[in-house]
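What follows is a predicted protein model with its sequence.
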Amino acid sequence: MVISARHWLRNDGYKYILLVSWLGLNAVVFWRTYNQYKSEPQYFYLREMLGKGLCVSRGTADVLNLNCAAVLLPMCRSFLTCLRRSRKLARRRVTKYIDQARQIHVVCAVLICVAAVIHTCAHITNAINSSKHYNKDFPEINIASCPNEDAKKVLFCSVAGATGFLMMIILCLISTSSTRAVRTAGYEIFWYIHHLFIIFYILLLFHASSGLLKLQENVQLHIPGCTLANKTEIMTYAEHSFDWNTSSVICEAVPVFHKIPQETWMWVVVPLAFYTLERLIRIFRSRYQEATIEDVIHHPCDVIEIKFTKEQFPGQPGQYILVNLPSLSTVQWHPFTLTTSPNASTTSFSIHIRVLGDWTVRLQELFDPERDDSQVLPLPNTKRKFPKMYIDGPFASPSQDIFDFGTSVCVAGGVGVTPFAAVLNKLRYSLSVPTKLQRLYFIWICRDIGCFQWFSELLVDLHTQLWECNKPDFFNIQLYLTDEKTSQQNLPPGSEFLYHRLTIGRPRWKSLFKEIAKFHQRSEVGVFVCGPRSLSRAVHRRCNHSNKHSTRFVYHKESFS
């Protein structure tokens with residue numbers, strides 16, 4: 001089977017349409033500004049001194065303004081959640097773009113880095129040319145203070161140069177710490193350095209307000225390139241600036257120059273205000289009332305389950321939250337999926353946390369009552385006192401759309417099962433509520449058989465209830481164990497039927513998707529993936545392949561980090 005163009009357009013086309021559109025808008029913004037500084041008469045003397053470096057620096061400056069304004073909006077999580085909740089906007093095609101907010105943020109960030117490098121190179125050229133082509137006739141337009149001044153002094157002894165240098169350092173730090181290797185090794189490093197963006201925006205406003213570059217104000221009285229009445233030397237016109245020659249025209253007045261108006265604030269003030277307001281609302285919402293931890297359960301394979309309650313908290317299955325524990329850090333917030341929402345059997349929420357990084361290791365030590373010999377252990381029959389916990393959210397995620405398909409396929413790798421656990425919990429207590437979902441395929445791949453214990457009770461209970469409700473075909477469970485050495489371990493009592501759903505090895509995606517397509521001919525199947533990149537890529541490729549049954553697989557990837 002080959003990749004279907006139709007399926008590719010459905011699953012990936014929208015991303016490339018958005019990318020090409022955004023790159024096209026950036027190209028238009030650059031070219032418009034470039035041509036403006038290349039051809040308009042008020043920039044003649046400045047252009048004669050600096051050359052094409054002026055046009056490039058100003059063009060990239062507007063590209064920077066555009067992306068510095070846009071890069072903040074995809075991080076307004078509460079706003080995006082409201083958009084997803086809106087009935088008018090919450091259509092499948094629109095929500096796909098909303099779910100790509102993190103990727104949009106990355107694209108804008110990459111464009112900022114690229115434009116900043118070109119902008120810096122152009123200004124280095126400008127600094128050299130400003131010293132080399134010092135204008136003795138009109139000293140007020142010069143950037144250099146004297147002819148042949150050291151370019152390094154021109155660059156670093158000005159507000160624009162110093163702030164630009166500091167911004168480039170911040171960009172280098174942010175871009176380096178944002179790589180997958182750094183985020184995996186030390187998320188705290190990424191988190192702290194990323195918040196240097198606050199200093200970056202302050203420097204950006206000062207950088208643009210320095211007023212080094214000047215334009216001519218009285219173009220009508222002093223036509224650029226004209227001959228001054230008291231000058232014998234005729235000024236030569238810049239190449240390709242105009243289609244006519246003004247060297248024989250006598251000037252009526254000397255040129256008057258003033259600073260080029262600052263436009264950066266016009267680009268970023270609205271996004272900055274919007275982002276700041278959204279963050280203030282989130283801070284107030286999260287800090288106004290802390291969440292109450294009711295219980296902490298230690299599961300096999302270094303997984304911690306935290307059960308908590310919070311009044312008037314509107315968490316829904318498939319959504320995620322940001323968690324802060326002041327005992328570990330007052331400023332760090334980490335994303336986790338809600339695995340349980342209030343239902344008939346519980347009034348609490350729950351999250352499952354895999355111990356992988358520094359923060360989660362300290363979290364495990366915090367919730368371990370025997371971590372410190374000096375710690376006073378709780379007396380028998382007394383309720384254990386847990387540390388303070390604040391939560392921010394809830395925020396939308398693609399797994400909320402599982403119920404919008406007649407048939408859905410949930411593919412989880414390891415702890416990536418958490419978004420689907422909330423969905424299964426909802427099904428567990430609302431089987432009588434009619435939904436569009438008629439069949440659910442649940443595929444869970446783990447390295448250690450102990451991982452299946454996290455939600456074995458949930459799987460067994462849901463399977464039993466569906467059989468009692470005469471819906472045996474509604475829920476299809478497929479468990480895969482990639483490490484055969486752990487297969488000798490036992491699952492909890494009562495979950496023996498899971499052994500019949502367990503396969504040693506990895507899924508054969510080709511035959512699996514072929515079977516699903518055969519059973520659901522000419523229908524639309526939602527495919528939701530949460531797990532390692534290799535897993536999502538394999539499933540993604542199968543969704544884009546054609547099949548003879550005209551089944552359309554709509555791919556969704558869970559990504560809330």
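Now that the structure is in, tell me what you want to look at. Numbering: from 1, shown residues only.

what ranges do the strands span in the stretch 101-250 of the chain?
Taking DSSP state E, counting those that start in this stretch, the strands of the stretch 101-250 of the chain run over residues 214-216.

How many residues are close by V107?
Here the number of neighbours of V107 (other Cβ atoms under 10 Å) works out to 21. No exception for glycine: its C-beta is placed from N, CA and C like everyone else's.

Now for it: which residues touch it?
Contact analysis of V107 by Cβ atoms under 8 Å, 6 or more residues apart in numbering lists 19, 22.

how near is it to V20?
From V107 across to V20, the span is 11 Å (Cβ to Cβ, to the nearest Å).

and what of L213?
Distance of L213 to V20, computed by Cβ to Cβ: 32 Å.

The two: which has the busier surroundings?
For L213 versus V20, neighbours defined as other Cβ under 10 Å are more numerous around L213 (20 against 10).

Just want the phi and psi numbers for the closest residue to the more buried one other than its chain neighbours.
Leaving aside its chain neighbours, L213 sits nearest to I260 (4.9 Å; criterion: Cβ to Cβ, 6 or more residues apart in numbering). Dihedral pair for I260: phi -70, psi 130, per degrees, to the nearest 10.

State the distance from the spatially most central residue of the chain to H123.
Geometric centre of the chain, nearest residue: R102, 2.1 Å, by Cα atoms, centre = their mean. From R102 across to H123, the span is 31 Å (Cβ to Cβ).

Helices along the stretch 401-550 of the chain, start to end?
Secondary structure of the stretch 401-550 of the chain, counting by DSSP state H, counting those that start in this stretch: helices at 418-429, 456-468, 509-519, 533-544.

Which strands or helices does the longest one pack on?
Taking 3 or more Cβ pairs under 8 Å, 6 or more residues apart in numbering; DSSP states H and E as the contact definition, the neighbouring helices and strands of helix 456-468 are helix 418-429, strand 475-481.

what about Y201, how many neighbours?
17.

can you pull the buried residues of the helix ranked longest in the chain?
Ordering each helix of the chain by length in residues (DSSP state H) puts helix 101-132 first. Within helix 101-132, the residues that count as buried by 16 or more other Cβ atoms under 10 Å are 101, 104-105, 107-109, 111-113, 115-116, 118-120, 122-131.

Let's test this: mean pLDDT of it, rounded?
Mean pLDDT, helix 101-132: 89.

ok, now stretch 483-501?
Averaged across stretch 483-501, the pLDDT comes to 67.

can you map out the strands along the stretch 251-400 of the chain?
For the stretch 251-400 of the chain, strands defined by DSSP E, counting those that start in this stretch occupy the ranges 257-259, 292-299, 303-309, 320-324, 334-340, 349-354, 390-395.

dump the residue contacts of the closest residue to S57 other than its chain neighbours.
Of all residues not flanking S57 in the chain, A122 sits nearest, at 3.7 Å (Cβ to Cβ, 6+ apart). Residues near A122 by Cβ under 8 Å, 6+ apart: 53-54, 56-57, 60.

hmm, back to that, and among the helices of the stretch 401-550 of the chain, the most buried is which?
Comparing the helices of the stretch 401-550 of the chain by mean neighbour count (mean count of other Cβ atoms under 10 Å), helix 418-429 comes out on top with a mean of 23.

how far does that one sit from the chain's center?
Its chain's average C-alpha position is 26 Å from that of helix 418-429, according to Cα atoms, centre = their mean, to the nearest Å.

Pull the residues that contact it.
Contacting residues not belonging to helix 418-429 are listed as 317-320, 336-341, 343-345, 351-352, 397, 399, 402-403, 410, 412, 440, 442, 454-455, 458-459, 461-462, 465, 475, 528, 530, 558 [Cβ under 8 Å, 6+ apart].

CA-only coordinates of that helix, as PDB, when you get a sec.
This file holds the C-alpha atoms of helix 418-429, laid out as PDB (Å, rounded to 0.1, in the frame of the first residue of the first chain):
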ATOM      1  CA  THR A 418      -2.900   8.700  31.000                       C
ATOM      2  CA  PRO A 419      -5.000  10.800  28.600                       C
ATOM      3  CA  PHE A 420      -7.000   7.700  27.700                       C
ATOM      4  CA  ALA A 421      -7.400   6.500  31.300                       C
ATOM      5  CA  ALA A 422      -9.700   9.500  31.900                       C
ATOM      6  CA  VAL A 423     -11.700   8.600  28.900                       C
ATOM      7  CA  LEU A 424     -12.100   5.000  30.100                       C
ATOM      8  CA  ASN A 425     -13.100   6.200  33.500                       C
ATOM      9  CA  LYS A 426     -15.800   8.400  32.000                       C
ATOM     10  CA  LEU A 427     -17.100   5.400  30.000                       C
ATOM     11  CA  ARG A 428     -17.000   3.300  33.200                       C
ATOM     12  CA  TYR A 429     -19.600   5.500  34.900                       C
END
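
one step back: of the contacts of A122, keep whichever come out buried.
When these are checked for burial by 16+ other Cβ under 10 Å, the buried set is 53-54, 56-57, 60.

Reformat the residues you listed as TSV; add distance to I174.
Compiled in TSV, the buried ones among the contacts of A122 are given as follows (distance: Cβ to Cβ, whole Å):
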residue	distance to I174
G53	26
L54	28
V56	24
S57	22
T60	18
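
ok, so of those, who is nearest R85?
Of all the buried ones among the contacts of A122, R85 sits closest to T60, with 38.1 Å by Cβ to Cβ.

did I read that right, the closest one in a helix?
Yes: T60: assigned to a helix according to DSSP: H, G, I helix; E, B strand; the rest coil.
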